[in-house]
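Chemist: no FASTA, just this:
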């Protein structure tokens, strides 16, 4: 992607505070690279939400019920923190949350006063998309902050 793809970049384009949503997928790592290169001078905050739903199961009342030991969620949090430590750079901020990824990303961006959310989007199967939807689509629908969804290069 070239600078002309976005017009002005970085702080000159009005994007001074950018949240980069990171789920460790190739698409989200590509989004992080794009934010670093296309928005020079902007302050970056890398936000990762450990999805608490992985240790739950739907119940008959429409809610969720924990299915395992709470230590599993702590193990996931520690593993995610280690991965974040390897990806952030000096001058960037990192925020790790636990819960629903869509809510976490939107709330973190609004709380921090972000001008833009940059996140990866990746192909899902039709059945998965029907039942789960796309996190990027849901963030786009709920966010008052503009969202730049970055697809994985080389895939359609």
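Modeler: Thanks, I have it. Values in this document were obtained by computation on a predicted structure and should not be read as measured data.

Chemist: quick one: buried residues of the longest strand along the chain?
Modeler: For the chain, the longest strand by residue count, based on DSSP state E, is strand 43-51. For strand 43-51, the neighbour count (16 or more other C-beta atoms under 10 Å) marks 43-51 as buried. The C-beta positions use only the backbone N, C-alpha and C, and glycine is treated the same way.

Chemist: export the residues you listed to TSV and tack on pLDDT?
Modeler: Shown next, in TSV, are the buried residues of strand 43-51 (pLDDT from 0 to 100):
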residue	pLDDT
43	97
44	97
45	98
46	97
47	97
48	94
49	94
50	87
51	82
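
Chemist: and residue 145, how many neighbours does it have?
Modeler: 19 (other C-beta atoms under 10 Å).

Chemist: now do the one 4 residues further on
Modeler: Residues near residue 149, counting by other C-beta under 10 Å, number 18.

Chemist: again with the one 4 residues further on
Modeler: Other residues near residue 153 number 9, with proximity taken as other C-beta under 10 Å.

Chemist: so what's it up against?
Modeler: residue 30 (C-beta atoms under 8 Å, 6 or more residues apart in numbering).
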